[in-house]
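Asks: Sequence and predicted structure are below.
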Amino acid sequence: MSQAPDPACPLLLQGLSRPLDVDVAKWDRLLRLARRTGLHARLAETHLDGDVTLADPVRRHLLSAKRVAEFRTQMVRAELFRLAPLCRGDFPVVVLKGGAYILQERRLSRGRFVSDVDLLVPQSQLRTMEERLRQAGWQTAPLDPYDERYYRDWSHETPPMRFPGRTLEVDLHHALTPVTGRLAFNPQCLFETIRLVTGSPFHVLAPEDQVLHACLHCFQDGDLELRVREVVDIDGLVRELAPEPKFWDQLVRRAGRLGLERPLWYGLSFARLWLGCPIPEQVLAGLPAPSRGTTWIMDRLVPLAMLPPDPDYPEPAKVRWARRAMLARYHLQRMPAGMLVPHLARKVLRRTLARHVGSEAEENNGA
(Lines give C-alpha, C1' and ligand atoms only; values in the text may rest on other atoms or scores of the structure.)
Protein backbone atom coordinates (compact mmCIF):
# COMPACT_ATOMS: atom_id res chain seq x y z
CA MET A 1 0.00 0.00 0.00
CA SER A 2 1.32 3.43 -0.91
CA GLN A 3 2.16 6.19 1.51
CA ALA A 4 0.20 9.41 1.75
CA PRO A 5 0.79 12.01 0.47
CA ASP A 6 2.33 10.74 -2.76
CA PRO A 7 6.17 10.74 -2.57
CA ALA A 8 6.25 12.71 -5.83
CA CYS A 9 4.53 15.75 -4.22
CA PRO A 10 7.82 17.55 -3.37
CA LEU A 11 8.90 17.18 -7.00
CA LEU A 12 5.54 18.55 -8.17
CA LEU A 13 5.93 21.60 -5.94
CA GLN A 14 9.50 22.15 -7.15
CA GLY A 15 8.25 22.11 -10.72
CA LEU A 16 6.06 25.14 -10.06
CA SER A 17 9.10 27.40 -9.70
CA ARG A 18 11.79 25.81 -11.89
CA PRO A 19 11.88 23.43 -14.88
CA LEU A 20 12.33 19.78 -14.04
CA ASP A 21 14.60 17.51 -16.05
CA VAL A 22 12.83 14.19 -15.46
CA ASP A 23 11.88 11.21 -17.60
CA VAL A 24 8.46 10.49 -19.11
CA ALA A 25 7.53 8.00 -16.38
CA LYS A 26 7.95 10.66 -13.70
CA TRP A 27 6.11 13.17 -15.85
CA ASP A 28 3.18 10.76 -16.06
CA ARG A 29 2.94 10.71 -12.27
CA LEU A 30 3.49 14.48 -11.92
CA LEU A 31 0.81 15.35 -14.45
CA ARG A 32 -1.73 13.09 -12.80
CA LEU A 33 -1.05 14.69 -9.42
CA ALA A 34 -1.11 18.15 -10.95
CA ARG A 35 -4.49 17.57 -12.58
CA ARG A 36 -5.98 16.42 -9.27
CA THR A 37 -4.85 19.64 -7.60
CA GLY A 38 -5.47 22.08 -10.47
CA LEU A 39 -1.77 22.81 -10.90
CA HIS A 40 -1.10 21.42 -14.39
CA ALA A 41 -1.40 24.79 -16.13
CA ARG A 42 1.05 26.26 -13.61
CA LEU A 43 3.49 23.50 -14.52
CA ALA A 44 2.97 24.50 -18.14
CA GLU A 45 3.92 28.12 -17.39
CA THR A 46 7.18 26.94 -15.84
CA HIS A 47 8.19 24.38 -18.44
CA LEU A 48 6.96 25.32 -21.90
CA ASP A 49 9.45 28.18 -22.20
CA GLY A 50 12.07 26.58 -19.98
CA ASP A 51 15.49 25.25 -20.93
CA VAL A 52 14.63 21.54 -20.56
CA THR A 53 13.68 19.13 -23.32
CA LEU A 54 10.13 17.81 -23.01
CA ALA A 55 8.87 14.64 -24.65
CA ASP A 56 6.14 15.37 -27.20
CA PRO A 57 3.30 13.79 -25.16
CA VAL A 58 4.31 15.87 -22.13
CA ARG A 59 4.57 19.07 -24.15
CA ARG A 60 1.16 18.49 -25.73
CA HIS A 61 -0.43 17.91 -22.35
CA LEU A 62 1.12 21.05 -20.88
CA LEU A 63 0.19 23.10 -23.92
CA SER A 64 -3.41 21.94 -23.63
CA ALA A 65 -3.52 22.91 -19.95
CA LYS A 66 -2.02 26.30 -20.72
CA ARG A 67 -4.61 27.00 -23.41
CA VAL A 68 -7.50 25.99 -21.17
CA ALA A 69 -6.23 28.31 -18.42
CA GLU A 70 -5.82 31.15 -20.93
CA PHE A 71 -9.34 30.56 -22.21
CA ARG A 72 -10.75 30.74 -18.68
CA THR A 73 -8.81 33.94 -18.09
CA GLN A 74 -10.44 35.44 -21.18
CA MET A 75 -13.81 34.31 -19.84
CA VAL A 76 -13.14 36.23 -16.61
CA ARG A 77 -12.10 39.33 -18.55
CA ALA A 78 -15.28 39.10 -20.64
CA GLU A 79 -17.43 38.73 -17.52
CA LEU A 80 -15.77 41.73 -15.90
CA PHE A 81 -16.34 43.72 -19.10
CA ARG A 82 -20.07 42.90 -18.84
CA LEU A 83 -20.12 43.77 -15.15
CA ALA A 84 -18.33 47.09 -15.58
CA PRO A 85 -21.47 49.13 -16.48
CA LEU A 86 -22.96 48.15 -13.11
CA CYS A 87 -20.16 50.08 -11.35
CA ARG A 88 -21.64 53.56 -11.41
CA GLY A 89 -19.28 55.30 -9.03
CA ASP A 90 -21.78 55.68 -6.17
CA PHE A 91 -20.01 52.95 -4.16
CA PRO A 92 -16.87 50.87 -4.72
CA VAL A 93 -17.01 47.41 -6.28
CA VAL A 94 -13.98 45.35 -5.27
CA VAL A 95 -12.84 42.34 -7.30
CA LEU A 96 -11.40 39.53 -5.15
CA LYS A 97 -9.00 36.63 -5.65
CA GLY A 98 -8.53 35.31 -9.21
CA GLY A 99 -10.37 38.13 -10.93
CA ALA A 100 -8.25 40.66 -9.03
CA TYR A 101 -5.02 38.88 -9.97
CA ILE A 102 -6.06 39.02 -13.62
CA LEU A 103 -7.02 42.70 -13.47
CA GLN A 104 -3.66 43.53 -11.90
CA GLU A 105 -1.82 41.23 -14.32
CA ARG A 106 -0.05 39.51 -11.46
CA ARG A 107 2.36 36.74 -12.34
CA LEU A 108 0.45 34.16 -10.32
CA SER A 109 -2.61 34.68 -12.56
CA ARG A 110 -0.80 32.86 -15.38
CA GLY A 111 -1.74 29.19 -15.33
CA ARG A 112 -4.35 29.71 -12.63
CA PHE A 113 -7.79 28.23 -13.24
CA VAL A 114 -10.67 30.54 -12.28
CA SER A 115 -14.19 29.20 -11.73
CA ASP A 116 -16.07 32.33 -10.66
CA VAL A 117 -15.90 36.10 -10.24
CA ASP A 118 -15.91 37.30 -6.64
CA LEU A 119 -17.08 40.84 -5.90
CA LEU A 120 -17.11 42.74 -2.61
CA VAL A 121 -19.34 45.74 -1.92
CA PRO A 122 -20.21 47.62 1.29
CA GLN A 123 -22.92 45.82 3.23
CA SER A 124 -25.18 48.86 2.97
CA GLN A 125 -25.07 48.54 -0.84
CA LEU A 126 -25.44 44.77 -1.06
CA ARG A 127 -29.09 44.75 -2.05
CA THR A 128 -28.51 47.60 -4.53
CA MET A 129 -25.75 45.67 -6.31
CA GLU A 130 -27.72 42.46 -6.22
CA GLU A 131 -30.70 44.19 -7.83
CA ARG A 132 -28.46 45.66 -10.54
CA LEU A 133 -27.21 42.19 -11.33
CA ARG A 134 -30.75 40.84 -11.54
CA GLN A 135 -31.87 43.65 -13.82
CA ALA A 136 -28.86 42.96 -16.06
CA GLY A 137 -29.84 39.29 -16.39
CA TRP A 138 -27.92 37.45 -13.67
CA GLN A 139 -30.01 34.87 -11.81
CA THR A 140 -29.78 32.73 -8.68
CA ALA A 141 -30.80 29.10 -8.43
CA PRO A 142 -34.07 28.48 -6.56
CA LEU A 143 -33.51 28.14 -2.80
CA ASP A 144 -35.78 26.98 -0.02
CA PRO A 145 -36.52 29.47 2.80
CA TYR A 146 -33.91 27.97 5.14
CA ASP A 147 -31.06 28.24 2.63
CA GLU A 148 -32.20 31.75 1.75
CA ARG A 149 -32.04 32.69 5.41
CA TYR A 150 -28.61 31.07 5.75
CA TYR A 151 -27.20 33.31 3.03
CA ARG A 152 -29.00 36.46 4.20
CA ASP A 153 -28.41 36.22 7.94
CA TRP A 154 -25.33 34.09 8.54
CA SER A 155 -23.12 34.04 5.46
CA HIS A 156 -20.78 36.69 4.05
CA GLU A 157 -22.19 36.51 0.53
CA THR A 158 -25.44 36.30 -1.41
CA PRO A 159 -26.48 33.12 -3.24
CA PRO A 160 -24.28 32.61 -6.35
CA MET A 161 -25.58 34.23 -9.52
CA ARG A 162 -25.14 33.16 -13.12
CA PHE A 163 -26.10 34.65 -16.46
CA PRO A 164 -28.10 32.13 -18.54
CA GLY A 165 -25.90 30.44 -21.12
CA ARG A 166 -22.61 31.46 -19.51
CA THR A 167 -20.29 29.37 -17.36
CA LEU A 168 -18.83 31.59 -14.66
CA GLU A 169 -20.71 32.38 -11.47
CA VAL A 170 -20.70 35.75 -9.77
CA ASP A 171 -20.32 35.58 -5.98
CA LEU A 172 -21.33 38.86 -4.36
CA HIS A 173 -19.73 39.42 -0.94
CA HIS A 174 -20.27 41.98 1.79
CA ALA A 175 -17.47 40.59 4.00
CA LEU A 176 -14.54 38.17 3.84
CA THR A 177 -15.74 35.97 6.70
CA PRO A 178 -19.17 34.59 7.65
CA VAL A 179 -21.08 36.79 10.06
CA THR A 180 -21.12 33.89 12.54
CA GLY A 181 -17.44 32.93 12.02
CA ARG A 182 -14.84 32.91 14.75
CA LEU A 183 -12.67 35.46 12.93
CA ALA A 184 -15.46 37.75 11.75
CA PHE A 185 -14.42 41.41 11.65
CA ASN A 186 -15.96 44.65 10.46
CA PRO A 187 -15.27 44.70 6.69
CA GLN A 188 -15.62 48.48 6.51
CA CYS A 189 -11.91 48.89 7.25
CA LEU A 190 -11.10 47.03 4.02
CA PHE A 191 -12.65 49.84 1.99
CA GLU A 192 -10.36 52.40 3.62
CA THR A 193 -7.32 51.05 1.73
CA ILE A 194 -8.74 49.68 -1.54
CA ARG A 195 -7.11 50.68 -4.81
CA LEU A 196 -8.71 51.60 -8.10
CA VAL A 197 -7.44 49.54 -11.05
CA THR A 198 -6.18 51.89 -13.75
CA GLY A 199 -8.47 51.97 -16.77
CA SER A 200 -11.20 50.08 -14.91
CA PRO A 201 -14.20 50.93 -12.71
CA PHE A 202 -13.20 48.16 -10.31
CA HIS A 203 -11.16 48.29 -7.13
CA VAL A 204 -8.92 45.66 -5.54
CA LEU A 205 -7.87 45.12 -1.95
CA ALA A 206 -4.64 46.59 -0.63
CA PRO A 207 -1.67 44.23 -1.19
CA GLU A 208 -1.47 43.13 2.45
CA ASP A 209 -5.21 42.48 2.48
CA GLN A 210 -4.90 40.31 -0.62
CA VAL A 211 -2.36 38.12 1.19
CA LEU A 212 -4.54 37.96 4.30
CA HIS A 213 -7.59 37.05 2.22
CA ALA A 214 -5.68 34.25 0.50
CA CYS A 215 -4.60 32.86 3.89
CA LEU A 216 -8.08 33.30 5.33
CA HIS A 217 -9.74 31.62 2.36
CA CYS A 218 -7.35 28.67 2.55
CA PHE A 219 -7.05 27.96 6.27
CA GLN A 220 -10.26 29.40 7.67
CA ASP A 221 -12.90 29.17 4.96
CA GLY A 222 -12.27 25.76 3.46
CA ASP A 223 -12.04 22.07 4.28
CA LEU A 224 -8.47 21.87 2.83
CA GLU A 225 -9.20 18.84 0.63
CA LEU A 226 -6.59 18.91 -2.18
CA ARG A 227 -6.33 22.71 -1.82
CA VAL A 228 -2.56 22.92 -2.10
CA ARG A 229 -3.11 25.30 -5.04
CA GLU A 230 -4.22 27.92 -2.52
CA VAL A 231 -0.88 27.67 -0.72
CA VAL A 232 0.65 28.19 -4.17
CA ASP A 233 -1.42 31.39 -4.43
CA ILE A 234 -0.07 32.60 -1.08
CA ASP A 235 3.49 31.86 -2.20
CA GLY A 236 2.97 33.70 -5.49
CA LEU A 237 1.50 36.77 -3.81
CA VAL A 238 4.28 36.96 -1.23
CA ARG A 239 7.06 36.58 -3.80
CA GLU A 240 5.56 39.37 -5.91
CA LEU A 241 4.74 41.77 -3.07
CA ALA A 242 7.64 41.24 -0.66
CA PRO A 243 10.01 43.61 -2.52
CA GLU A 244 7.64 46.54 -1.86
CA PRO A 245 8.91 48.87 0.90
CA LYS A 246 7.56 48.07 4.38
CA PHE A 247 5.47 45.17 3.04
CA TRP A 248 6.20 42.83 5.94
CA ASP A 249 5.57 45.47 8.61
CA GLN A 250 2.28 46.44 6.98
CA LEU A 251 1.21 42.81 6.59
CA VAL A 252 1.86 41.86 10.22
CA ARG A 253 0.33 45.05 11.55
CA ARG A 254 -2.77 44.60 9.39
CA ALA A 255 -3.17 40.98 10.49
CA GLY A 256 -3.12 42.15 14.10
CA ARG A 257 -5.70 44.84 13.46
CA LEU A 258 -8.10 42.43 11.72
CA GLY A 259 -7.49 39.51 14.08
CA LEU A 260 -6.13 37.34 11.25
CA GLU A 261 -2.74 36.46 12.68
CA ARG A 262 -3.50 32.74 12.97
CA PRO A 263 -4.45 32.11 9.29
CA LEU A 264 -1.49 34.30 8.26
CA TRP A 265 0.83 32.15 10.38
CA TYR A 266 -0.48 28.98 8.75
CA GLY A 267 -0.33 30.43 5.24
CA LEU A 268 3.24 31.68 5.57
CA SER A 269 4.43 28.56 7.39
CA PHE A 270 3.19 26.10 4.77
CA ALA A 271 4.26 28.32 1.87
CA ARG A 272 7.79 28.34 3.27
CA LEU A 273 7.78 24.63 4.14
CA TRP A 274 6.39 23.33 0.84
CA LEU A 275 7.50 25.95 -1.68
CA GLY A 276 10.54 27.57 -0.10
CA CYS A 277 8.78 30.93 0.07
CA PRO A 278 11.35 33.55 1.19
CA ILE A 279 9.78 34.66 4.47
CA PRO A 280 12.02 36.41 7.02
CA GLU A 281 12.37 34.40 10.19
CA GLN A 282 11.46 37.40 12.33
CA VAL A 283 8.09 37.68 10.58
CA LEU A 284 6.93 34.22 11.65
CA ALA A 285 8.55 34.65 15.05
CA GLY A 286 6.60 37.86 15.51
CA LEU A 287 3.24 36.20 14.88
CA PRO A 288 1.45 34.40 17.73
CA ALA A 289 1.92 30.74 16.86
CA PRO A 290 -0.59 28.01 17.75
CA SER A 291 0.06 25.91 20.83
CA ARG A 292 2.49 23.01 20.51
CA GLY A 293 -0.37 20.54 20.55
CA THR A 294 -2.28 22.34 17.80
CA THR A 295 0.88 22.70 15.72
CA TRP A 296 1.62 18.97 16.10
CA ILE A 297 -1.90 18.06 14.95
CA MET A 298 -1.95 20.50 12.02
CA ASP A 299 1.52 19.43 10.86
CA ARG A 300 0.18 15.91 10.46
CA LEU A 301 -3.34 16.52 9.21
CA VAL A 302 -2.82 19.39 6.76
CA PRO A 303 -0.44 17.52 4.39
CA LEU A 304 -2.74 14.49 4.41
CA ALA A 305 -5.75 16.65 3.57
CA MET A 306 -4.16 19.07 1.07
CA LEU A 307 -1.58 17.03 -0.82
CA PRO A 308 -2.67 14.29 -3.24
CA PRO A 309 -2.09 10.63 -2.34
CA ASP A 310 -0.94 7.98 -4.81
CA PRO A 311 -3.49 8.01 -7.66
CA ASP A 312 -3.00 4.28 -8.30
CA TYR A 313 -4.47 3.23 -4.95
CA PRO A 314 -7.65 3.96 -3.01
CA GLU A 315 -7.15 6.85 -0.63
CA PRO A 316 -5.70 5.51 2.64
CA ALA A 317 -7.85 5.62 5.75
CA LYS A 318 -5.60 8.23 7.35
CA VAL A 319 -6.25 10.56 4.39
CA ARG A 320 -10.00 10.13 4.70
CA TRP A 321 -9.89 10.75 8.45
CA ALA A 322 -7.65 13.79 8.02
CA ARG A 323 -10.11 15.30 5.57
CA ARG A 324 -13.02 14.61 7.89
CA ALA A 325 -11.14 16.28 10.73
CA MET A 326 -10.41 19.32 8.56
CA LEU A 327 -14.04 19.42 7.44
CA ALA A 328 -15.15 19.42 11.09
CA ARG A 329 -12.67 22.22 11.81
CA TYR A 330 -14.03 24.18 8.84
CA HIS A 331 -17.60 23.98 10.15
CA LEU A 332 -16.56 24.94 13.68
CA GLN A 333 -14.76 27.99 12.32
CA ARG A 334 -17.91 29.15 10.54
CA MET A 335 -20.50 28.68 13.31
CA PRO A 336 -20.61 28.32 17.07
CA ALA A 337 -21.58 24.83 18.21
CA GLY A 338 -25.01 25.95 19.37
CA MET A 339 -25.87 26.97 15.78
CA LEU A 340 -23.81 24.35 14.01
CA VAL A 341 -25.40 21.23 15.51
CA PRO A 342 -29.01 22.02 14.45
CA HIS A 343 -27.73 23.36 11.11
CA LEU A 344 -25.90 20.12 10.28
CA ALA A 345 -28.75 17.99 11.66
CA ARG A 346 -31.12 19.76 9.30
CA LYS A 347 -28.80 19.20 6.32
CA VAL A 348 -28.40 15.50 7.16
CA LEU A 349 -32.17 15.09 7.50
CA ARG A 350 -32.78 16.79 4.16
CA ARG A 351 -30.25 14.59 2.39
CA THR A 352 -31.70 11.45 3.96
CA LEU A 353 -35.21 12.41 2.87
CA ALA A 354 -33.97 13.24 -0.63
CA ARG A 355 -32.33 9.83 -0.95
CA HIS A 356 -35.47 8.14 0.35
CA VAL A 357 -37.68 9.99 -2.13
CA GLY A 358 -35.22 9.18 -4.93
CA SER A 359 -35.25 5.50 -4.02
CA GLU A 360 -39.03 5.40 -4.03
CA ALA A 361 -39.13 7.13 -7.42
CA GLU A 362 -36.72 4.56 -8.87
CA GLU A 363 -38.82 1.69 -7.50
CA ASN A 364 -41.99 3.18 -8.96
CA ASN A 365 -40.33 3.67 -12.32
CA GLY A 366 -39.10 0.09 -12.26
CA ALA A 367 -42.56 -1.18 -11.45
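Replies: Thanks, I have it.

Asks: buried residues in stretch 292-305?
Replies: For stretch 292-305, the buried set under the neighbour-count rule, 16 or more other CB atoms under 10 Å, comprises 298, 301-305. For the C-beta atoms, the positions are set from N, CA and C on the backbone; glycine is no exception.

Asks: and these as JSON lines, adding distance to Leu344?
Replies: Compiled in JSON lines, these are given as follows (distance: CB to CB, whole Å):
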{"residue": "Met298", "distance to Leu344": "23"}
{"residue": "Leu301", "distance to Leu344": "20"}
{"residue": "Val302", "distance to Leu344": "23"}
{"residue": "Pro303", "distance to Leu344": "26"}
{"residue": "Leu304", "distance to Leu344": "23"}
{"residue": "Ala305", "distance to Leu344": "19"}
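
Asks: Now for the chain, the helix or strand with the poorest mean pLDDT.
Replies: Among the helices and strands of the chain, helix 337-366 carries the lowest confidence by mean pLDDT, DSSP states H and E, at a mean of 65.

Asks: Show me where the stretch 251-367 of the chain has its strands.
Replies: Assigned by DSSP state E, counting those that start in this stretch, the stretch 251-367 of the chain shows no strands.

Asks: low pLDDT regions in it?
Replies: Across the stretch 251-367 of the chain, the ranges flagged by pLDDT under 70 are 343, 354-367.

Asks: Please repeat the previous calculation with a cut-off of 50.
Replies: Within the stretch 251-367 of the chain, the stretches falling below the threshold (pLDDT under 50) are 360-361, 367.

Asks: Could you give the number of residues near Arg152?
Replies: 13 (other CB atoms under 10 Å).

Asks: Next one: the nearest residue to it once chain neighbours are set aside, what pLDDT does it get?
Replies: Leaving aside its sequence neighbours, Arg152 sits nearest to Thr158 (CB to CB, 6 or more residues apart in numbering; 7.9 Å). In the predicted model, Thr158 carries a pLDDT score of 89.

Asks: i'd like the first residue to be 71 from this point on
Replies: All right, first residue 71 from here; so that's Thr228.

Asks: Wait, Thr228 touches Thr198, no?
Replies: No: contact criterion CB atoms under 8 Å: Thr228 and Thr198 do not qualify, at 11.9 Å.

Asks: okay, the two: which has more neighbours?
Replies: Applying other CB under 10 Å to Thr228 and Thr198 shows that Thr228 carries more neighbours, namely 21 against 15.

Asks: got the contact list for the more buried one?
Replies: By CB atoms under 8 Å, 6 or more residues apart in numbering, the contact list for Thr228 reads 196, 200, 210, 221-222, 241-242.

Asks: out of the residues you listed, what pair is the most spread apart?
Replies: Considering CB to CB, no two members of those lie farther apart than Arg222 and Asp241, which are separated by 14.7 Å.

Asks: just the helices in the stretch 221-370 of the chain please.
Replies: When assigned using DSSP state H, counting those that start in this stretch, the helices of the stretch 221-370 of the chain occupy the ranges 277-289, 298-311, 317-328, 331-345, 351-356, 362-376.

Asks: can you redo those as JSON lines with distance to Arg180?
Replies: What follows is the helices of the stretch 221-370 of the chain, written out as JSON lines (distance: least, CB to CB, whole Å):
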{"stretch": "helix 277-289", "distance to Arg180": "16"}
{"stretch": "helix 298-311", "distance to Arg180": "10"}
{"stretch": "helix 317-328", "distance to Arg180": "22"}
{"stretch": "helix 331-345", "distance to Arg180": "16"}
{"stretch": "helix 351-356", "distance to Arg180": "26"}
{"stretch": "helix 362-376", "distance to Arg180": "22"}
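
Asks: Nearest to Asn256 among these would be which one?
Replies: Asn256 sits nearest to helix 317-328 of all the helices of the stretch 221-370 of the chain, at 9.0 Å, using CB to CB.

Asks: which secondary structure elements does the closest one contact?
Replies: Based on contacts counted as 3 or more CB pairs under 8 Å, 6 or more residues apart in numbering; DSSP states H and E, the elements that helix 317-328 packs against are helix 277-289, helix 331-345, helix 351-356.
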